[in-house]
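> Below is the sequence, then the predicted model.
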Amino acid sequence: MLSACRRLGRQEHGLVGSIVANSFADDPVNQWAFNGTAAMRPAFTAMARHCYLKRGFGHVTTDGLAGTLWLSPGDCKDYGLMGKLALASAILTHSGITALRRGMALDKALFGKHPGTPHYYLFAIAVDPSLQGRGVGSQLMEEALATIDAAHMPAFLENSKPRNTPFYERHGFRVIEEIVPAPGCPPMWLMWRDAR
């Protein structure tokens, strides 16, 4: 039986930061960018705190093992000065200067690839490895897509795991471009879902 899901509160950045870090521990792009996994939890927590839960929204399962982070049309990916300092500190402390440089290069490349058309942006959909393949990700995706479809808006994401492409395609996304965002970085797939 699937756990119910609910909207994340603005102060639940620690919870969703841990969920994303746990789920993305085997993600090739994130392993490259963070130079391992040590900085993932504090970095994703800072991102959630200073951007995605402050400016956007997310959902979490009631068991606390899966969650999402989104930005709505008009919400910009901006951490603010304190957020940038918190993120840089987390990365430097846990993974060093190489990870900070890689993260900045990745962020710059991805920022330049965001479509100009107003859209919802899926930053992360994360499911604990023990629950993957059981429909939990679909449940979370459908929760957000109901809002997106009610607004008749498109959606965009950057897929960093090739095995996740069929999952996104089942929910109406299609690959619009394959990119290598920085030298040495594994490839990513930019995916778009038309308004419905």
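Ah, there it is. Numbers count the residues shown, from 1 in each chain.
> Give me the neighbour count for residue 104.
Look at residue 104: counted by other C-beta atoms under 10 Å, it has 14 neighbours. Where you see a C-beta, it was placed from the backbone N, CA and C, and this is true even at glycine.
> spatially speaking, which residue is in the middle of this protein?
Nearest residue to the geometric centre of the chain (C-alpha atoms, centre = their mean): residue 124, 2.1 Å.
> Now do the same contact list for that one.
Residue 124 sits next to 20, 23-24, 44, 52, 67-69 when contact means C-beta atoms under 8 Å, 6 or more residues apart in numbering.
> Just the ones in helices from the residues you listed, please.
Secondary-structure check on these using DSSP state H: residues within helices are 20, 23, 44.
> Please enumerate the strands of this protein.
Here the chain has its strands, by DSSP state E, at 5-7, 57-61, 66-71, 120-127, 155-159, 174-179, 188-193.
> Tell me the one of the contacts of residue 124 nearest residue 181?
Comparing these against residue 181 with C-beta to C-beta places residue 24 closest, at 15.9 Å.
> what bridges to the residue nearest to the centre of the chain?
With beta bridges defined as DSSP bridges, residue 124 has these partners: residue 69.
> got it, and residue 61?
Those that pair with residue 61 in a beta bridge, by DSSP bridges, are residue 5.
> Check the gap between it and residue 4 for me.
Residue 61 is 7 Å from residue 4, where distance means C-beta to C-beta, to the nearest Å.
> try residue 143
Looking at residue 143 against residue 4, where the rule is C-beta to C-beta, the gap reads 10 Å.
> and the nearest residue to residue 84 once chain neighbours are set aside, what does it touch?
Taking C-beta to C-beta, 6 or more residues apart in numbering as the measure, residue 84 lies nearest to residue 50, with 7.9 Å between them; neighbours along the chain are not counted. Shown here is residue 50, whose contacts under the criterion C-beta under 8 Å, 6+ apart are 79-80, 82-84, 86-87.
> And residue 50, how far from residue 76?
Computed with C-beta to C-beta, the distance linking residue 50 and residue 76 is 12 Å.
> Then residue 138?
For residue 138, the distance to residue 76 under the criterion C-beta to C-beta works out to 28 Å.
> Same drill for the two, tell me which one is more crowded.
Counted by other C-beta under 10 Å, residue 138 and residue 76 do not tie: residue 138 has more neighbours, with 16 against 11.
> Run a quick neighbour tally on residue 63.
Each residue near residue 63 was counted by other C-beta under 10 Å, and the total is 13.
> now it: how far from residue 96?
Taking C-beta to C-beta, one finds residue 63 at 34 Å from residue 96.
> what angle do the longest helix along the chain and strand 155-159 make?
Counting by DSSP H, the longest helix found in the chain is helix 80-111. Here helix 80-111 runs at an angle of 80 degrees relative to strand 155-159 (axes from the mean of the first three to the mean of the last three C-alpha atoms, to 10 degrees).
> mean confidence score for helix 80-111?
On average, the pLDDT along helix 80-111 is 95.
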